[in-house]
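**Q** sequence first, then the predicted structure:
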Amino acid sequence: MDILSILGLIIGFGAILGGQYLEGGHVSSLINGPACLIVLGGTVGAVMLQSPLRVFMMSLKMVLWIIFPPKLKNEEAIEKIMEWSNIARKEGLLGLEDIAENESDPFAQKGLQLLVDGSEPEVIRRVMEVELDAKEHSGNEAAKVFENMGGYSPTIGIIGAVMGLIHVMQNLADPSKLGSGIATAFVATIYGVGLANLLFLPMAGKLKAQVHAQAQLYEMIVEGVISIAEGENPRNIETKLRGFTS
């Protein structure tokens with residue numbers, strides 16, 4: 001669990017609500033159903049229109065990464081690669097055939113299979129880097145969905161504000177209806193700017209950082225597999241791989 005994300009949400013929204021209370025305002029004055037519907041509905045609708053279905057669905061799955069980021073087992077990966085290196089040194093590359101069949105990580109399994117097939121190091125690099133680039137690109141595209149939400153929500157908030165003011169202008173003769181219209185106008189702006197800067201943009205940044213960390217893990221696996229293919233000394237391989245964790 002990412003405690004920092006939880007603390008960030010609590011501190012960010014708590015500061016806004018606490019400041020409102022300390023200024024003598026009521027927290028309930030920031031709760032406005034129509035403004036929430038306009039900003040959230042408009043933002044989600046705009047992003048759905050912009051995003052391909054595959055990217056949008058992937059972004060929904062990645063939301064959990066904010067609180068429960070994927071566990072990156074870098075040390076375990078280094079230990080595995082060292083084991084593969086020692087086996088290849090003693091038994092040859094064909095000695096990795098059984099390990100390749102039982103490897104749980106599809107990316108690492110592909111690298112092992114290329115080793116067993118006797119592929120040249122440059123061929124292995126090209127094949128694995130194509131998949132690595134595709135994975136990283138897909139992850140970044142999904143993260144950009146929230147970045148785009150952060151771009152749209154302030155503008156949608158302004159639309160909500162203008163709609164509230166239109167409602168006010170249409171009811172100048174009825175003072176009882178002016179309050180709700182003005183509230184919707186200002187609260188919609190707060191929702192749009194607040195959600196963008198306290199939620200959507202930080203979420204996008206966090207997800208991009210997670211995607212980058214995963215890409216580094218896969219880059220380490222690529223370097224390890226290629227080093228084995230080139231017949232490097234296991235100790236040299238370990239030293240090289242440790243550089244990815246520093």
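**A** Arrived safely. Quantities reported herein were computed from a predicted structural model and do not represent experimental measurements.

**Q** and Ile166, how far from Ile156?
**A** Distance, Ile166 to Ile156, using C-beta to C-beta, to the nearest Å: 15 Å. (C-beta placed from N, C-alpha, C; glycine too.)

**Q** of the two, which one has the most company?
**A** Neighbours were counted for Ile166 and for Ile156 using other C-beta atoms under 10 Å; Ile156 has more, 25 against 12.

**Q** can I get the helix or strand bottoming out on mean pLDDT in the chain in PDB? Just the C-alpha atoms.
**A** Scoring the helices and strands of the chain by mean pLDDT, DSSP states H and E places helix 178-195 at the bottom, with a mean of 82. Output in PDB follows, covering the C-alpha atoms of helix 178-195 (Å, rounded to 0.1, in the frame of the first residue of the first chain):
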ATOM      1  CA  LEU A 178     -30.200  33.800  -6.900                       C
ATOM      2  CA  GLY A 179     -28.300  32.000  -4.200                       C
ATOM      3  CA  SER A 180     -28.300  28.500  -5.700                       C
ATOM      4  CA  GLY A 181     -27.200  29.900  -9.100                       C
ATOM      5  CA  ILE A 182     -24.300  31.800  -7.700                       C
ATOM      6  CA  ALA A 183     -23.300  28.800  -5.600                       C
ATOM      7  CA  THR A 184     -23.200  26.600  -8.600                       C
ATOM      8  CA  ALA A 185     -21.200  29.100 -10.500                       C
ATOM      9  CA  PHE A 186     -18.400  29.400  -7.900                       C
ATOM     10  CA  VAL A 187     -18.400  25.800  -6.700                       C
ATOM     11  CA  ALA A 188     -18.100  24.500 -10.200                       C
ATOM     12  CA  THR A 189     -14.900  26.500 -10.700                       C
ATOM     13  CA  ILE A 190     -13.500  25.200  -7.400                       C
ATOM     14  CA  TYR A 191     -14.400  21.600  -8.400                       C
ATOM     15  CA  GLY A 192     -12.800  21.900 -11.800                       C
ATOM     16  CA  VAL A 193      -9.500  23.500 -10.600                       C
ATOM     17  CA  GLY A 194      -9.400  21.500  -7.400                       C
ATOM     18  CA  LEU A 195      -9.900  18.100  -9.000                       C
END
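
**Q** tell me the helices and strands packed up against that helix.
**A** helix 33-50, helix 121-170 (3 or more C-beta pairs under 8 Å, 6 or more residues apart in numbering; DSSP states H and E).

**Q** state the mean pLDDT of the first one.
**A** For helix 33-50, mean pLDDT is 93.

**Q** who's in contact with it?
**A** Here helix 33-50 makes contact (C-beta atoms under 8 Å, 6 or more residues apart in numbering) with 56, 145, 148-149, 152-153, 156-157, 159-160, 163-164, 183-184, 187-188, 191-192, 195, 200.

**Q** let's see 7 Å
**A** Here helix 33-50 makes contact (C-beta atoms under 7 Å, 6 or more residues apart in numbering) with 56, 145, 148-149, 152-153, 156-157, 159-160, 163, 184, 187-188, 191-192, 195.

**Q** mind giving me the PyMOL command for buried ones among those?
**A** Filtering the contacts of helix 33-50 down to the buried ones (16 or more other C-beta atoms under 10 Å) takes a single PyMOL command:
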select buried, resi 56+145+148+149+152+153+156+157+160+163+184+187+188+191+192+195
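
**Q** which residue lies farthest from the center of the protein?
**A** Checked against the mean C-alpha position of the chain, the extreme residue using C-alpha atoms, centre = their mean is Ala173, at a distance of 49.8 Å.
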